[in-house]
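Engineer: got a sequence here, can you build the structure:
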Amino acid sequence: MDCHRTQRRVLVKHSCGLVDVHTHWVPEHFPSYVGARKSVAWPSIAPGSHACERNVMIEGKVYRTVPDTSWDAAKRAAEMATMEVTHQVVSPMPELLSYWLEADDALALTRYMNDELAALQRANRGQLTCLGAVPLQDVDMAIRELERVVGALGLAGVELGTNINGKPLGHADLQPFFAAAEKLGAAIFVHGLRPAGMDRLVGAGLEQVVAFPGEVGLSAASLLTSGLLVRHPGLRIAFSHGGGALPMMLPRLQHAWTQMPGVRKLMEQSPRDMARKLFVDDLVYDSTAIHYLLATYGKTQVMAGTDYPFAILDREPARRIDDLQLDEATVRLLRHDNALRWLARESFETPA
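Structural biologist: Down below sits the predicted model:
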């Protein structure tokens, strides 16, 4: 069995590779804050305890210690090879989305990051596709930056947090942004950020582990109940961590849609059908759970993801897919083809 698995990995690797759609980036340096305000939560980089680490500082405190693979493309490429990953989709560390800043300050920060990500993509076209950021606390400003990100910079799209200062993504105020994203053909990757329910956790360090799945599920559900996906059928939206709790919410939501007129009135289409328009990564750390993702969203909507280079990452994405014992056509979808369709790419450019 192990021999067969190895042979299959080599065959698929040479035929289409493995695309990791869930990876993160932090710049090696941040510009100094040049705005007029005081006490702004502007990020900076400080030395870490080890030579290959840096501390991301926000408001004078260590937000996260990150490895130098967060920005060093050569070291990133070497680790990709050990993980059997041939291409990464790179998005900012979510806290850098900075929705809590004043919009003009957030724009200055995101424009810097988007320029840096565009340079990273240009220098590593065969291995990296980058997603930018927009100051979605100001929808008009976010649309203008989205136009620059996709048009002038050539990025595939943007990463969004699951909520904008507590406002769900399905909120009516954000609809013009999604209309613009559909028109521009931008790919959208949604990641957990400042989740609801933190006051209910018992124990330290559980925000990403326990709170994120519920937060991501609530965000995804808001796109269903708001009618956003019906009004904008051309949107290509991917949710991190398998859509969080949405797969477990969905049967209940579907039953309510069939039995409760008030819920039925919210959605022109069934929740199950709308959920199958979403893309998700397979970062749920368990084969049974990934099979449930495939049953929930369909085999054309699930993609490989690792959360590289952070501590919760899945270091063996190829084995994770191999262990599912799927047919080769489905393996190819999960490893490569679904990511291409989400990004609206025919192929990934090879280095010059």
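Engineer: so the one residue sitting closest to the centre of the chain: helix, strand or coil?
Structural biologist: When CA atoms, centre = their mean is applied to the chain, the residue found nearest the centroid is residue 189 (3.8 Å). Under DSSP: H, G, I helix; E, B strand; the rest coil, residue 189 falls in the strand class.
Engineer: next, residue 230: secondary structure please.
Structural biologist: helix.
Engineer: how about it: what's its closest non-neighbour residue?
Structural biologist: residue 268 (5.1 Å; CB to CB, 6 or more residues apart in numbering). The C-beta positions use only the backbone N, C-alpha and C, and glycine is treated the same way.
Engineer: residues near that neighbour, how many?
Structural biologist: 12 (other CB atoms under 10 Å).
Engineer: quick one: secondary structure of it?
Structural biologist: At residue 268 the chain is in coil, as set by three-state DSSP.
Engineer: I'd say it and residue 228 touch.
Structural biologist: No - the criterion here is CB atoms under 8 Å, and residue 268 misses it with residue 228 at 11.4 Å.
Engineer: residues contacting the closest residue to residue 235 other than its chain neighbours?
Structural biologist: Counting by CB to CB, 6+ apart, residue 235 lies nearest to residue 182, which is 5.0 Å off, once chain neighbours are set aside. The neighbours of residue 182, taking CB atoms under 8 Å, 6 or more residues apart in numbering as the test, are 232, 234, 235.
Engineer: ok, and the closest non-adjacent residue to residue 135?
Structural biologist: residue 106 (3.7 Å).
Engineer: and the contacts of whichever strand or helix holds that neighbour?
Structural biologist: If you go by DSSP states H and E, residue 106 is part of helix 103-123. If you take CB under 8 Å, 6+ apart as the criterion, helix 103-123 is touched by 25, 27, 30-31, 33-35, 37, 40, 42-43, 73, 90, 92, 96-99, 101, 128-135, 137-138, 141, 145, 148-149, 153-155.
Engineer: and after that helix, which helix or strand comes next?
Structural biologist: Next element after helix 103-123 (DSSP H and E): strand 128-132.
Engineer: picking that back up, out of the contacts of residue 182, who's nearest residue 68?
Structural biologist: Nearest to residue 68, judged by CB to CB, of those is residue 235 at 35.2 Å.
Engineer: ok so, going back, drop anything exposed from the contacts of residue 182.
Structural biologist: Listed as buried from the contacts of residue 182 are 232, 235; burial here means 16 or more other CB atoms under 10 Å.
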